[in-house]
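Asks: Only the shape, not the letters, is given here:
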């Protein structure tokens, strides 16, 4: 379970920011990775944790592989720094 208080949440956010600095990941990937690497984060509401960090942004959604029907898509997350670095240049209008 996530450590009580803002200090524990901030520590987990920092861990996730470092993980996302490599490339975007979906909510399920982040949750699995966190559960393997941080015992205190087990059972944490990953989406709420990500939404509460202003340096992490939701960049889209992805479908679960092999899932059919009305299963909701997973959110994909990245750091603002990653997004800025990978943004496409806007074409000049003539």
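Replies: Looks like it came in fine. Bear in mind that the values here come from a model prediction, so they are computed numbers and not experimental data.
Asks: List the residues that contact residue 83.
Replies: 57, 59 (CB atoms under 8 Å, 6 or more residues apart in numbering). C-beta coordinates here come from the backbone N, C-alpha and C atoms, glycine included.
Asks: Next, give phi and psi for it.
Replies: phi -60, psi -50 (degrees, to the nearest 10).
Asks: Could you look up the SS state of the residue nearest the centre of the chain?
Replies: In the chain, the C-alpha nearest the mean C-alpha coordinate belongs to residue 77, at 3.8 Å (CA atoms, centre = their mean). Here residue 77 is strand, with the state taken from DSSP: H, G, I helix; E, B strand; the rest coil.
Asks: Am I right that it is in contact with residue 61?
Replies: No - when contacts are counted by CB atoms under 8 Å, residue 77 is not listed as touching residue 61 (10.6 Å).
Asks: which residues are common contacts for the two?
Replies: Joint contacts of residue 77 and residue 61 (CB under 8 Å, 6+ apart) do not exist.
Asks: Against residue 84, how distant is residue 34?
Replies: Distance, residue 34 to residue 84, by CB to CB, to the nearest Å: 24 Å.
Asks: higher neighbour count, the two?
Replies: residue 34 (21 against 9; other CB atoms under 10 Å).
Asks: helix or strand right after the helix or strand where the more buried one lies?
Replies: Assigning secondary structure by DSSP states H and E places residue 34 in helix 27-37. With elements assigned by DSSP H and E, the helix or strand that comes after helix 27-37 is helix 46-51.
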